[in-house]
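# This is a predicted model, with the sequence first.
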Amino acid sequence: AQKITQTQPGMFVQEKEAVTLDCTYDTSDPSYGLFWYKQPSSGEMIFLIYQGSYDQQNATEGRYSLNFQKARKSANLVISASQLGDSAMYFCAMRGDTNAGKSTFGDGTTLTVKP
Amino acid sequence: DVKVTQSSRYLVKRTGEKVFLECVQDMDHENMFWYRQDPGLGLRLIYFSYDVKMKEKGDIPEGYSVSREKKERFSLILESASTNQTSMYLCASSLIGNQPQHFGDGTRLSIL
């Protein structure tokens, strides 16, 4: 079975500062992918970043980076230079090679960026 | 860029109606998914399909069916809509394996 835990229901950050959203996971799959999604109040689910379990380097996409610590089973999202438009719900998710292709999602973290 | 298109952003239907939600993807993805999202309950998988004419039940398939006649299109059908099916419905597609899912904009469905 797979499990994703996001322990921060809500986070606040000042505009232009960096913020880290926490995510821990559990799986018995030897190979898996970890992802982060952003869901603004308009409802669409936007894919942000992907980390494969065998990737040696942490993934980066623009202002987003994924701090992957395999031994600790954590996959934290770091947003640098926060913008007001970053205010949204953020979901951590994972997908293994087994489990028939299903993804497991966390409960989400609501990020509010203050001007 | 991957494009997943859901037929309606907002939809209002009446109890007992048969409701069709359509989803089309343009990236030749093998896998397609239907979720519903409700406050406090997170994303719940209704059905998914890993190939044309193939489907698998997710966590909450009751009251729903699906159709995948072509690779790019995955339809969700509410056989007889009920008020407890008022929700946000999200379609997604992906390659096989541990690749990320890409979502459409969602359909906010209200059943009156």
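Cool, the structure landed. Residues are numbered from 1 along each chain as shown, chains lettered A, B, ... in the order given.
# Now do residue B:96 against chain A, distance only.
As for residue B:96, its distance to chain A is 7 Å (criterion: C-beta to the nearest C-beta, to the nearest Å). The way it works is simple: take the backbone N, C-alpha and C, and place the C-beta from them, glycine included.
# list the contacts for that residue?
Shown in contact with residue B:96 (C-beta atoms under 8 Å, 6 or more residues apart in numbering or on different chains): A:101, B:30-31, B:50.
# cool, residue A:49 as well?
By C-beta under 8 Å, 6+ apart, the contact list for residue A:49 reads A:35-36, A:59-61, A:64-66, A:77.
# Mind checking which of these land in helices?
Residues of the contacts of residue A:49 located in helices (DSSP state H): none.
# Put the buried members of those into a PyMOL selection.
Burial among the contacts of residue A:49 is assessed by 16 or more other C-beta atoms under 10 Å in any protein chain shown; the matching PyMOL selection reads:
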select buried, chain A and resi 35+36+59+64+65+66+77
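# just curious, which of the contacts of residue A:49 is nearest to chain B?
Minimum distance to chain B across the contacts of residue A:49 is 4.6 Å, recorded for residue A:35 (C-beta to the nearest C-beta).
# Okay, the closest one and residue B:53: tell me how far apart.
Per C-beta to C-beta, to the nearest Å, residue A:35 is found 28 Å from residue B:53.
# go on, residue B:94?
In terms of C-beta to C-beta, residue B:94 sits 18 Å off from residue B:53.
# neighbour-wise, which of the two wins?
Comparing residue B:94 with residue B:53 by other C-beta atoms under 10 Å in any protein chain shown, the one with more neighbours is residue B:94, at 27 against 10.
# which residues touch the longest strand along chain B?
Identified as the longest strand of chain B according to DSSP state E is strand B:42-51. Applying C-beta under 8 Å, 6+ apart, the external contacts of strand B:42-51 come out as A:91, A:100-102, A:105, A:107-108, B:30-38, B:55-61, B:64-66, B:68, B:71, B:74, B:76, B:90, B:96.
# Please compute how far that strand lies from its chain's middle.
Taking C-alpha atoms, centre = their mean, to the nearest Å, one finds strand B:42-51 lying 7 Å from the centre of the chain it belongs to.
# Who does the residue nearest the centre of chain B form a beta bridge with?
By C-alpha atoms, centre = their mean, the mean C-alpha position of chain B lies nearest to residue B:34, the distance being 2.9 Å. Beta-bridge partners recorded for residue B:34 (DSSP bridges): residue B:47, residue B:91.
# Next up, the contacts around it.
B:21, B:23, B:45-48, B:58, B:64, B:66, B:74, B:76, B:89-91.
# Which one of those is nearest to residue A:13?
Of all these, residue B:90 has the smallest distance to residue A:13: 26.4 Å, by C-beta to C-beta.
# Quick check: residues of chain B near chain A?
B:31, B:33, B:42-43, B:45, B:48, B:50, B:56, B:58, B:88, B:90, B:92, B:94, B:96-106, B:108 (C-beta under 8 Å from any C-beta of the partner chain).
# make it 10 Å
Contact residues (C-beta under 10 Å from any C-beta of the partner chain) of chain B with chain A: B:2, B:4, B:6, B:9, B:30-31, B:33, B:35, B:37, B:40-45, B:48-50, B:56, B:58-59, B:88, B:90-92, B:94-108.
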